[in-house]
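# got a predicted model here, sequence first, then my questions.
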Amino acid sequence: MKVLINEDIVDRENTSVDIEDRGYQFGDGVYEVVRVYEGKTYELDGHVERLFRSAKEIDLSLSFTEEGFKQNIENLVKENNLLDGGIYFQITRGVAPRSHSYDRTVAPELVAYPLYFTRPKEKQATGVTAITVEDLRWLRCDIKSLNLLYNVMMKQKAQDEEAFEGIFIRDGIVTEGTSTNIFIVKDGIYKTHPVNNMILNGITRQRIIKLLRENNLEVEEVEFTKEDLFAADEAFISSTTAEVMPICKIDDKKIGDGQVGKKTKEIYDLLINYIG
């Protein structure tokens, strides 16, 4: 496997992590995952733009440009002959003696490497289950940071209960999933949480909203409650890896008739056709 370390593509066997890297010590960094279909990156511009935004939000200065970084990611895909999967990339604040405060002169550390997975077609066809969990995360969920401990804990809770995803509820409002955005459909209208600091503005979420509007399908970016979630006609989650994933049951309660809904199928087809 070939990996990208800062500006160089090298063999994985020739890489290591310094024990004083702030990503290792504090989770002090940001990350992204970009999908690769048939050897081509998908929505790379959006992911890199969001990476740079996240870096800026945590006061992390980058020495390279978006265009140069995108070219390195494309080169990494080719070097690994990656046809189906993704590329994970992260930037930490770098290596420095352990201290909660940080030195802005320390050089950030970048790493990227391939992920091997395929489209979850079977689950998309049948739908999945989810549970609701309390949203106790920090209030900057719009930053795609390495600090994912609570997300990890709630994803594991969902898995332990044989569910695909945990859906966060904060003060009665549905925010997002542990690694996904969530949509509901009620009376033919698609609804999802508005963009603010309470959610990560998913790249797939953004594409879905654009596709809905381009096809004259009504979508609202609006808060909705846990009660609205259970009363929805349909529900689905979205992410880079899950694409559009129908949810048929939440907390052992059927959503709609408990089957993959027509409106979910409609946006799934629009997204897959867009991806090509």
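Yes, it's here.

# show me where the protein has helices.
Assignment of helices within the chain using DSSP state H yields the ranges 22-26, 44-57, 66-79, 121-126, 149-160, 203-214, 226-231, 262-275.

# from Arg205, how far off is Phe236?
Distance, Phe236 to Arg205, by CB to CB, to the nearest Å: 11 Å. (C-beta placed from N, C-alpha, C; glycine too.)

# okay, these two: which has more neighbours?
Phe236 (32 against 23; other CB atoms under 10 Å).

# what residues are up against the more buried one?
Listed by CB atoms under 8 Å, 6 or more residues apart in numbering, the contact partners of Phe236 are Ile182, Phe183, Val244, Met245, Pro246, Ile247, Thr264, Ile267, Tyr268.

# and of the residues you listed, the nearest to Gln71?
Val244 (29.9 Å; CB to CB).

# what about that closest one, how many residues nearby?
21.

# for it, list the residues it contacts.
Taking CB under 8 Å, 6+ apart as the test, what Val244 contacts is Gln124, Thr204, Ile208, Phe236, Ile237, Ser238, Thr264, Ile267, Tyr268, Leu271.

# PyMOL command for the buried members of those residues?
To isolate the buried members of the contacts of Val244 in PyMOL, using 16 or more other CB atoms under 10 Å:
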select buried, resi 124+204+208+236+237+238+264+267+268+271
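
# can I get the contacts of Val244 in TSV with distance to Arg53 and pLDDT?
TSV is the format used below for the contacts of Val244 (distance: CB to CB, whole Å; pLDDT from 0 to 100):
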residue	distance to Arg53	pLDDT
Gln124	29	98
Thr204	17	98
Ile208	20	98
Phe236	26	98
Ile237	23	98
Ser238	19	98
Thr264	30	98
Ile267	26	98
Tyr268	28	98
Leu271	23	98
